[in-house]
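Student: sequence-free structure coming up:
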């Protein structure tokens, strides 16, 4: 195993997945690529804003998503650097599952690691988009999910 793709968003369940991926990379001598996807889901709502500040709202949203993504990727990069692991950050924009699968299809990864939330209530399952399940159904490479 030479390269591990780690999907990150900075949330708690993802941090656990990152730690597992970093430990695995250290044991195997593999490189890590961190992937953060800026979801375009919220951006489509800015089209509904008819106020004078619609463009400012879009710019603010884009800036905050970039900031959040950069922070998550940098944190993963520090974890890798602390253990002497080669690391490359990547940021994409679009539908989260589709962008993850597009990156995974590049053919350069041996394993993909993702965090997965436990959705215990029926309401939680209905209200949440289950990105890990969607990715799993279409993944072109082996995956490791961490709860």
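Tutor: Nice, thanks for sending it over. All values reported here derive from a predicted model rather than from experimental measurement.
Student: doesn't residue 88 fall inside a strand?
Tutor: Yes - counting by DSSP: H, G, I helix; E, B strand; the rest coil, residue 88 is located in a strand.
Student: Past the helix or strand bottoming out on mean pLDDT in the chain, which element shows up next along the chain?
Tutor: Every helix and strand in the chain was compared by mean pLDDT, DSSP states H and E; the lowest is helix 122-127, with a mean of 45. Toward the C-terminus, helix 122-127 is succeeded by helix 131-138 as the next helix or strand (DSSP states H and E).
Student: Residue 38 is in contact with residue 64, isn't it?
Tutor: No - Residue 38 is beyond contact range of residue 64, at 9.8 Å (criterion: C-beta atoms under 8 Å). In short, each C-beta sits where N, CA and C put it, glycine included.
Student: In terms of neighbours, single out the busier of those two.
Tutor: Counted by other C-beta atoms under 10 Å, residue 38 and residue 64 do not tie: residue 38 has more neighbours, with 20 against 12.
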